[in-house]
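Q: here are the coordinates; sequence isn't available:
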């Protein structure tokens, strides 16, 4: 999956079938979403966490790989809409992100040109509404992503809710 697809899925959010009224009820319990989990190695293609910011609104903290040894952490507002979690990629969320290399935070001034390049790469998705709904699947959930109302079956991903203490990390 491309960087565009990974970031789109991570920002779009995830849902739990345990509470249709609140698809992020597992996040409210402190759990994280692990996209494309490798349970044996405790790795994820991306990880998302949520912090309540208001009624049916959250800050989505997404960590995605941007290189073999580098990750990007972004914060993006998302909203629960029906049975989906929706948000839009914003260039300012990317350029304000935290770049880490070998798990060490890169100085913001040094990271700035890299973050600007990532924002340019993501430009085709900037401003588009990305909604994710979830269906039960073997071993977890399948994320079903729509961009500006159009379902993108090639973006389907397995998602597993994990506890932060489980030690999952992001790998490309």
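A: Cool, the structure landed. These numbers come from a predicted model, not from an experiment.
Q: could you double-check that residue 47 sits in contact with residue 37?
A: No. In this structure, residue 47 is not within contact of residue 37 by C-beta atoms under 8 Å, at 9.6 Å. (Glycine included, C-beta is placed from N, CA and C.)
Q: and for the two, which residues touch both?
A: With contacts taken as C-beta atoms under 8 Å, 6 or more residues apart in numbering, residue 47 and residue 37 have residue 168 as neighbours in common.
Q: show me the contact partners of the lengthiest helix in the chain.
A: When the chain is parsed with DSSP state H, its longest helix is helix 108-121. Identification of contacts with helix 108-121 by C-beta under 8 Å, 6+ apart yields 3-4, 66, 72, 91, 94-99, 106, 126.
Q: go with 10 Å
A: Identification of contacts with helix 108-121 by C-beta atoms under 10 Å, 6 or more residues apart in numbering yields 2-4, 7, 64, 66-67, 70, 72, 74, 89-101, 105-106, 126.
Q: buried ones among those?
A: With neighbours counted by 16 or more other C-beta atoms under 10 Å, the contacts of helix 108-121 contain buried members at 3-4, 7, 64, 66, 70, 72, 74, 89-91, 93-95, 97-101, 106.
Q: next, the buried residues of the longest helix of the chain.
A: Using 16+ other C-beta under 10 Å as the test for burial, helix 108-121 gives 111, 114, 115, 118, 119.
Q: with stretch 40-48 instead?
A: Within stretch 40-48, the residues scored as buried using 16+ other C-beta under 10 Å are 43, 44, 45, 46, 47, 48.
Q: and the fifth one, how close does it get to residue 129?
A: To tie it back to what came earlier, the one meant is residue 47. Applying C-beta to C-beta, to the nearest Å, the value for residue 47 to residue 129 is 22 Å.
Q: also the last one?
A: Noted for residue 48: a distance of 17 Å to residue 129, by C-beta to C-beta.
Q: same thing with the first one?
A: Note on residue 43: its distance to residue 129, by C-beta to C-beta, is 29 Å.
Q: could you do the second one as well?
A: To residue 129, residue 44 is 24 Å away according to C-beta to C-beta.
Q: and stretch 93-100, how far out from the chain's middle?
A: 13 Å (C-alpha atoms, centre = their mean, to the nearest Å).
Q: give me the contacts around that stretch.
A: 7, 11, 60-64, 66-67, 69-77, 87, 90, 105-108, 110-112, 114-123, 126, 170.
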